[in-house]
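[1] Need the 3D shape of this:
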Amino acid sequence: MRELGGAIRKLATWPLVGFLLVCLTLTYWQVLAAEQLNNAAENNRLERMQRRIQPGRLITRDGVVILDSHSGPRGWERIYDDTRAFSHLTGYNSRTGLQKTLADALYAQGLYSNPWEELMHGGVVGNNVHLTIDARLQQIAHRAMRRKRGAVIAMDPRDGALLVLYSAPAYDASAITRSQEAFDLFVYDPEKPEINRALQGMYPPGSVFKIFTAAAAIDAGISTPETVFQCTGVERVAGTQIRCRRSGGHGKLSLKKALTDSCNIAFAKLGDELGPERFRDYVKRFHLLDSTNLPLATSTGRMADFSAFKGQMQLAEASFGQGATLITPLAIARLTATIANGGEVIQPCMVDYVETVGNRRTTSGRGEQLGR
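    As a prediction, this is how the structure comes out:
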């Protein structure tokens, strides 16, 4: 009898081991590798599912529908209102732009799912997402930046609402996926139109950064708008040679005049007086290198830490926006908005609210992470 019991236990061990292996395998693919599978280029399950759902629209604050849809032979397909002025907002397919990051809201999935609505009406209907973007201003930026590279940002300093978020060169969002040739031309374009320069472009800020140094120095109490500086045109500050934009220099000038006439030497001296520790502190207080809650990919920028043997020299250069400092146009917009708002740092936002099924209005996006 004992031999029989032992045989049964040995026999039962193998199904148990097999069951545990199945559980581990399912856990791996459904939990640990889920994101990798969902984002795999060859996985079109999400795209096929989305074609069966009537998606919501992207609507600007002035009522322009920049992303719509129509029912075609292959299901619901996207329509782009202005294929270039809004291309970096809408993206060119369900895996790019706001189509990707706001997919849950647009397709009534996740937190925005409504089983009762699906049951009562026999299908899922997506939600309209209302943006803070002003279509008229966005189109003005588009026309102004034609045949140029760069970015245009307009932000309301009172609440951080982004009225314009434009990157040039733009692209035709409706043409990219028409053929493999069109897609290859887009991907390998030396102008790199896919980069959203407003959020991802990293540039030396230049003279616009002087407003940061001036604000930090005034707040720290080491300068006032009337503090006088001497500018001879070429001077050594903190061991490095600084040239002023004006040949022969400005002579004596106030901080106010140095800012309005963009004097490099005055601001190098001001940064040197601030010192590395206070300078770094104000960088943190202004959130210059911080990420944002925007539902689009954003670079955070970088700056020298001013701690090496060349730290003081790097600080002098950073004080007027040069050297190792690289930040995004959005960071400069947030900086100027903070100063315009009396020193209160406002987080930028581009989603005003989500108009859910049944026309219920849900305020989202302002100060919140909306998307994936």
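[2] Would you state the helices of the stretch 51-200 of the chain in chain order?
    For the stretch 51-200 of the chain, helices defined by DSSP state H, counting those that start in this stretch occupy the ranges 87-90, 97-101, 103-106, 115-121, 135-144, 180-187, 197-200.
[3] Which parts of this structure are strands?
    58-59, 65-72, 75-80, 128-131, 150-155, 162-168, 228-231, 234-237, 240-243, 251-254, 351-355, 361-363 (DSSP state E).
[4] for those, which one sits closest to F19?
    The minimum distance between F19 and the strands of the chain falls on strand 75-80, with 39.0 Å, by Cβ to Cβ. Using the backbone N, CA and C atoms, a C-beta is placed for each residue, glycine as well.
[5] The closest one pairs with which strands, parallel or anti?
    strand 65-72 (antiparallel) (DSSP bridges).
[6] The partner strand to helix 135-144, inter-axis angle?
    100 degrees (axes from the mean of the first three to the mean of the last three Cα atoms, to 10 degrees).
[7] ok, back up a step: distance to V152 for the helices of the stretch 51-200 of the chain - can I get that in TSV?
    Shown next, in TSV, are the helices of the stretch 51-200 of the chain (distance: least, Cβ to Cβ, whole Å):
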stretch	distance to V152
helix 87-90	11
helix 97-101	17
helix 103-106	25
helix 115-121	39
helix 135-144	4
helix 180-187	22
helix 197-200	7
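[8] Out of the ones you listed, which gets the lowest mean score?
    Within the helices of the stretch 51-200 of the chain, confidence is poorest for helix 115-121, with a mean of 62 (mean pLDDT).
[9] okay, and the helix or strand of the chain with the least pLDDT?
    Scoring the helices and strands of the chain by mean pLDDT, DSSP states H and E places strand 361-363 at the bottom, with a mean of 51.
[10] Tell me which residue lies nearest the centroid of the chain.
    T298 (3.1 Å; Cα atoms, centre = their mean).
[11] That one touches T292, doesn't it?
    Yes: applying Cβ atoms under 8 Å as the test, T298 and T292 come out as touching, 5.3 Å apart.
[12] For the stretch 251-372 of the chain, which segments are assigned as helices?
    Using DSSP H, counting those that start in this stretch, helices in the stretch 251-372 of the chain cover 255-260, 264-285, 311-318, 329-340.
[13] Overlap in contacts, T298 and T292.
    Residues touching both T298 and T292 (Cβ atoms under 8 Å, 6 or more residues apart in numbering) are L330.
[14] Switch the helices of the stretch 51-200 of the chain over to CSV, and while doing so, append distance to I66 and mean neighbour count to every line.
    Compiled in CSV, those are given as follows (distance: least, Cβ to Cβ, whole Å; neighbours: other Cβ atoms under 10 Å):
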stretch, distance to I66, mean neighbour count
helix 87-90, 6, 26
helix 97-101, 9, 22
helix 103-106, 12, 24
helix 115-121, 25, 11
helix 135-144, 7, 17
helix 180-187, 19, 12
helix 197-200, 16, 22
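[15] Which among those is found nearest to Y353?
    Y353 sits nearest to helix 103-106 of all these, at 10.2 Å, using Cβ to Cβ.
[16] Send over that closest one as CSV, restricted to the C-alpha atoms.
    Below are the C-alpha coordinates for helix 103-106, written out as CSV (Å, rounded to 0.1, in the frame of the first residue of the first chain):
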residue,chain,number,x,y,z
ALA,A,103,-5.6,56.6,-26.4
ASP,A,104,-7.5,55.6,-23.2
ALA,A,105,-9.6,58.8,-23.3
LEU,A,106,-10.0,58.8,-27.1
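[17] can you start the count at 5 instead of 1 from here on
    That works, and once the first residue is 5, the last one we named lands at helix 107-110.
[18] Show me what that helix is packed up against.
    Helices and strands in packing contact with helix 107-110 are not found; criterion 3 or more Cβ pairs under 8 Å, 6 or more residues apart in numbering; DSSP states H and E.
[19] Now do the contacts for the nearest residue to E195 once chain neighbours are set aside.
    Counting by Cβ to Cβ, 6 or more residues apart in numbering, the nearest residue to E195 once its immediate chain neighbours are dropped is P173, at 5.0 Å. By Cβ under 8 Å, 6+ apart, the contact list for P173 reads K152, R153, E195, P197.
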